[in-house]
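Asks: fold the following.
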Amino acid sequence: MLFLFFCPGSFGADTDEVFVMEGDSVSLTCLKKNQQDRIKWYYNDIRIAQMNGDPSKTCTDVQCNEGTERFRDRLKLDHLTGSLTITNIRDTDAGEYKLLITRGNSDSEKIFSVSVHDKVFVMEGDSVSLTGLKKNQQDRIKWYYNDIRIAQMNGDPSKTCTDVQCNEGTERFRDRLKLDHLTGSLTITNIRDTDAGEYKLLITRGNSDSEKIFSVSVTGVPAAEQDEVKRKTVKEGESVTLDLDVKRNPNDVMTWHFNDILIAEITEDQSQICTDFQCENGEERFRDRLELDHQTGSLTIMNTRNTDSGEYKLKINSISRRRRRSVSSEKRFDVTVTASGLSSGAVAGIVVVLLVSALTAVGVGVIYHRHRSPRKAVEEKQRASVESPNKEKEIFLQTQIEIT
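Replies: As a prediction, this is how the structure comes out:
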């Protein structure tokens with residue numbers, strides 16, 4: 001998106017305030033220049049562009065004698081109007097831009113004060129951390145939401161507050177704000193769509209003030225997707241993957257926690273990647289049952305047990321070195337491990353026991369028969385002698401065969 005800022009009327013000492021979203025383009029211009037006008041643009045008193053009747057002396061950024069390479073081909077100078085366009089604007093481009101026009105023997109100038117708003121996108125229900133420059137111990141910090149003070153801190157602990165505790169605060173966040181006493185960063189937990197808007201950080205250092213503006217957008221997640229992503233049910237002994245369905249940014253620092261205990265970490269430094277007891281203050285709860293995907297940051301738990309049920313929390317800290325800022329987000333997974341009944345190993349064990357029992361019973365029967373048969377034969381022989389001589393012979397012969 002391109003924003004145009006014109007300055008009607010004559011030049012003077014007034015400063016025009018220009019607000020632009022990070023990543024957009026902005027065009028700064030004033031009066032249409034005459035063909036003989038000489039144009040110079042300055043950023044914080046450093047010349048970044050110029051043009052006059054001599055094309056060889058037209059330049060932008062590093063091409064100018066006093067220029068720097070901070071913009072790197074993101075400056076465009078209009079040869080007809082003298083306007084300056086900054087494309088793909090960054091928060092480091094915020095500051096004072098001065099236009100100097102020399103017409104004959106007279107000079108005139110116009111100043112533009114450009115503020116760049118950071119765009120922050122966060123999913124509803126997640127957490128986000130907003131921070132600017134690291135604060136000095138003497139810095140006084142104030143945070144505003146849509147011009148309402150919601151947090152502040154300084155050297156006096158009694159004046160540190162968040163939300164309703166602040167004099168001008170409101171109870172809209174209700175214990176969902178956390179203020180980092182070391183950096184001054186503000187974290188909003190369990191964010192809601194009503195939390196979207198403009199957040200301003202005001203830092204007072206001595207007699208000077210500096211500010212940083214964040215434009216926060218909260219996007220919702222369909223209920224079906226929330227159930228799929230945030231709740232996982234798995235049978236004991238099976239594996240479950242807590243996935244993000246996105247490719248990890250190389251600069252992201254990801255940490256996985258189980259019931260608030262660190263169980264895995266992935267960073268840009270390969271030597272710092274760890275799982276379970278390898279991590280600092282980690283425990284040996286999972287014992288080589290964790291797998292970490294280095295591309296996406298997804299976590300897989302293998303051979304799950306009922307003791308693995310609980311809350312798994314992923315914290316993502318996205319660091320932008322070029323923009324000197326850090327944005328944190330958080331994702332939660334509720335994992336339930338259910339009993340799976342008899343495993344295949346248990347079933348196989350039971351079958352073996354039954355077979356052994358059956359074979360043992362057959363063996364006992366055979367032994368019993370072999371010990372019992374001769375005695376039984378003698379008894380039958382005695383009974384037969386009474387009945388008939390022929391029967392006695394028949395029984396005698398059968399007895400001899402059985403004994404043999």
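Asks: where exactly do the helices run in the stretch 101-250 of the chain?
Replies: 223-230 (DSSP state H, counting those that start in this stretch).
Asks: grab the most central residue of this structure for me.
Replies: I316 (3.1 Å; CA atoms, centre = their mean).
Asks: skipping its backbone neighbours, what lies nearest it in space?
Replies: S329 (5.0 Å; CB to CB, 6 or more residues apart in numbering). (C-beta placed from N, C-alpha, C; glycine too.)
Asks: my guess is the one you found meets K313, correct?
Replies: No. Using CB atoms under 8 Å, S329 is not in contact with K313; the gap is 11.3 Å.
Asks: so what's the spatially closest residue to L177 that is not a sequence neighbour bridging to?
Replies: Leaving aside its sequence neighbours, L177 sits nearest to T162 (CB to CB, 6+ apart; 4.3 Å). T162 has the following beta-bridge partners by DSSP bridges: A151.
Asks: residue contacts, T162?
Replies: 150-151, 169, 173, 177-179 (CB atoms under 8 Å, 6 or more residues apart in numbering).
Asks: just among these, which is most surrounded?
Replies: Neighbour tally across the contacts of T162 (other CB atoms under 10 Å): the maximum, 26 neighbours, falls on I150.
Asks: now that one: how far from Y199?
Replies: 8 Å (CB to CB, to the nearest Å).
Asks: got a list of contacts for the helix or strand in which M254 is found?
Replies: Taking DSSP states H and E as the criterion, M254 maps to strand 253-258. Strand 253-258 is contacted from outside by 242, 248, 262-268, 285, 292, 297, 299, 308, 310-317, 319, using CB under 8 Å, 6+ apart.
Asks: equivalent analysis for stretch 119-128, please.
Replies: Taking CB under 8 Å, 6+ apart as the rule, stretch 119-128 contacts 21-23, 130, 187-193, 214-221, 226, 327-331.
Asks: returning to what we had before: find the residues that touch each one of I150 and Y199.
Replies: With CB under 8 Å, 6+ apart, I150 and Y199 have common neighbours 143-144, 186.
Asks: quick one: which of these sit in strands?
Replies: 143-144, 186 (DSSP state E).
Asks: from those residues, which is closest to Q50?
Replies: Y144 (38.6 Å; CB to CB).
Asks: give me the pLDDT for the closest one.
Replies: Confidence at Y144, expressed as pLDDT, is 91.
Asks: go on, L100?
Replies: pLDDT, L100: 90.
Asks: and it, what does it touch?
Replies: 39-42, 107-109.
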